[in-house]
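Undergrad: A predicted structure for the sequence below; I have some questions about it.
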Amino acid sequence: MQTHGKTEPLTLRIRVVQGEDLLLGPGRADLLAFIRETGSIAAAGRRMGMSYKRAWQLAESMNSTFHAPLILAAKGGVAGGGAQLTELGDAVLAAYRALEAASRAGGAAALAILAEARAPLSQDR
């Protein structure tokens, strides 16, 4: 086990689920943001340290989870490929980031109490 000091901050990680299905979490949101930034599923995956195949799987999963695609992708080739977020993709990412911001703001006092109460992890735990 790792040793953590009390100086390492506690954080909240939001996962939006429906039943057992994950709609959106930190990794998927980051992938959307990097696709928007880079214009490429492959480049977004590299930024996150994941394989092209895994990035594509996540993109396809997100596209099938919502009523319309979040990501539009064009196949590569001589002209090159690319990817971009749809209007819905932009809206979903913005809503998720708003949830993150609200949880940070609303949870700050509770996190401070938890951080103060937390015992440091030791090698024995």
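TA: Thanks, I have the structure now.
Undergrad: The residue nearest to residue 11 when sequence neighbours are not counted in helix, strand or coil?
TA: Closest residue in space to residue 11, ignoring its immediate chain neighbours: residue 111 at 7.8 Å, by CB to CB, 6 or more residues apart in numbering. Yep, even glycine has a C-beta here, placed from its N, CA and C like the rest. Applying DSSP: H, G, I helix; E, B strand; the rest coil to residue 111 yields a three-state assignment of helix.
Undergrad: Stretch 19-29: end-to-end distance?
TA: End-to-end distance for stretch 19-29: 19 Å, by CA to CA, to the nearest Å.
Undergrad: ok, back up a step: so who does the residue nearest to residue 11 touch?
TA: By CB atoms under 8 Å, 6 or more residues apart in numbering, the contact list for residue 111 reads 9-12.
Undergrad: Name the pair among those residues with the greatest separation in space.
TA: Farthest pair in these (CB to CB) is 9 and 12. Separation: 10.6 Å.
Undergrad: Pick out whichever of these two has more residues nearby.
TA: residue 12 (14 against 8; other CB atoms under 10 Å).
Undergrad: Got phi/psi on residue 107?
TA: With angles defined as degrees, to the nearest 10, residue 107 sits at phi -100, psi 0.
Undergrad: Make sure residue 22 is indeed in a strand.
TA: Yes: counting by three-state DSSP, residue 22 falls inside a strand.
Undergrad: Dig out what it forms beta bridges with.
TA: Beta bridges link residue 22 to residue 17, judged by DSSP bridges.
Undergrad: was I right about it contacting residue 15?
TA: Yes: judged on CB atoms under 8 Å, residue 22 makes contact with residue 15 at a distance of 6.2 Å.
Undergrad: Nothing else from me, thank you.
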